[in-house]
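Student: sequence and computational prediction follow.
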Amino acid sequence: MPIHDWTKVRANRFHDFHQNWITRIQDALNAGRLPPGYFAMREQVSGGPEPDVVTLHLPDRPEGDAPAGVAVADAPPKVRHRTASDAKLYVRKKDRITVRHPDGTVVAAIEIVSPGNKDSRDALAAFTRKAVAFLYAKVHLLVVDLFPPSKRDPQGIHKAIWDRVREEDFELPADKPLTVASYSVGSAINAYVEPVGVGDGLPDLPVFLSEDRYVPCPLEATYTATWAAFPAPLKGPLEGPPN
């Protein structure tokens, strides 16, 4: 299913799609994609920032279980860009925030960017602060942004987030102005970034369970299923050629 040009419709239509999409992602992760002892929940308050979906690990999981998920060393995520923070810098900041949940320890968060997250300088700053707060709390993060850069994030949402971790050059391809980025946290913060464009399929980037193990997030399949259930009268403007 090709990514649609969501700038063609009012934000409330994407909001409806967004709400249904995160439910399908949650359901897909809970339907056997996550290892035993892990589960996903929507819009949970995690001691501060509120993600769209959180992946939780029950605290009573038996010690000595086999490592969960796919090893990065065995199957590195297929992305155009990979970078990492300075390990010493990260260590100095790692104790700033502790993010917990009464049902278990939050290990990962999934955020789907909405127009409102980028419609003002304050909104973008709040979103990027939230993203980095998760990372400094050792919560892995997956971010999906299907909206083109604005004057407030001229190189996209990853650059806006990463500038709060480590400033370095990054430029989106002109024909791939949208972003899917996955971040793992351990001795350093690792970023796996895949630029995409309208008409492309979505890459199933990782939901990390630890610094070096992950499960692929079924972004493409859940997007397709959400689109199939999207109200037919609202699809028209989105089915034409890209602007």
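Tutor: Nice, thanks for sending it over. Numbers count the residues shown, from 1 in each chain.
Student: so Pro77 makes contact with Pro206?
Tutor: Yes - counting by C-beta atoms under 8 Å, Pro77 does reach Pro206; the two are 5.3 Å apart. Placement of C-beta: from N, CA and C, glycine included.
Student: so in this structure, where's the weakest helix or strand by average pLDDT?
Tutor: The weakest-scoring helix or strand in the chain, judged by mean pLDDT, DSSP states H and E, is helix 87-93 (a mean of 39).
Student: C-terminal to that one, what's the next element?
Tutor: strand 105-112 (DSSP states H and E).
Student: mind listing what's buried in that following strand?
Tutor: Across strand 105-112, burial judged by 16 or more other C-beta atoms under 10 Å covers 106-112.
Student: pick out the most distant pair among those.
Tutor: Farthest pair in those (C-beta to C-beta) is Val107 and Ile112. Separation: 18.6 Å.
Student: so what's Arg152 closest to, chain neighbours aside?
Tutor: Leu124 (4.8 Å; C-beta to C-beta, 6 or more residues apart in numbering).
Student: tell me what the helix ranked longest in the chain is packed against?
Tutor: If you go by DSSP state H, the chain has its longest helix at helix 11-28. In terms of contact count using 3 or more C-beta pairs under 8 Å, 6 or more residues apart in numbering; DSSP states H and E, helix 11-28 is assigned the packing partners strand 38-42, strand 53-57, strand 105-112, helix 219-229.
Student: give me the pLDDT for Val143.
Tutor: Note for Val143: predicted pLDDT of 95.
Student: what angle separates the helix or strand harbouring it from helix 219-229?
Tutor: Take DSSP H and E as the rule and Val143 turns out to sit in strand 140-145. Computed by axes from the mean of the first three to the mean of the last three C-alpha atoms, to 10 degrees, the angle separating strand 140-145 from helix 219-229 equals 50 degrees.
Student: can I get strand 140-145 in CSV, CA atoms only?
Tutor: The C-alpha trace of strand 140-145 is given here as CSV (Å, rounded to 0.1, in the frame of the first residue of the first chain):
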residue,chain,number,x,y,z
HIS,A,140,13.5,2.5,22.9
LEU,A,141,11.5,4.6,20.4
LEU,A,142,9.9,4.2,17.0
VAL,A,143,8.7,7.4,15.2
VAL,A,144,6.7,7.6,12.0
ASP,A,145,6.2,11.0,10.3
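Student: that one versus helix 11-28: what angle between them?
Tutor: Using the same axes, to 10 degrees: strand 140-145 against helix 11-28 is 140 degrees.
Student: tell me the average confidence for the following helix or strand past strand 140-145?
Tutor: Next in sequence after strand 140-145, counting helices and strands by DSSP H and E, comes helix 156-162. Across helix 156-162, pLDDT averages out at 96.
Student: do stretch 11-30 as well
Tutor: Mean predicted lDDT for stretch 11-30 stands at 91.
Student: and it, what's buried?
Tutor: For stretch 11-30, by 16+ other C-beta under 10 Å, it's 13-14, 17-18, 20-22, 24-26, 28-29.
Student: list the contacts of it.
Tutor: Under the contact criterion C-beta atoms under 8 Å, 6 or more residues apart in numbering, stretch 11-30 has outside partners 6, 39-42, 52-53, 55, 110, 112, 114-116, 146, 207, 215, 217-219, 221-223, 225-227, 229-230, 234.
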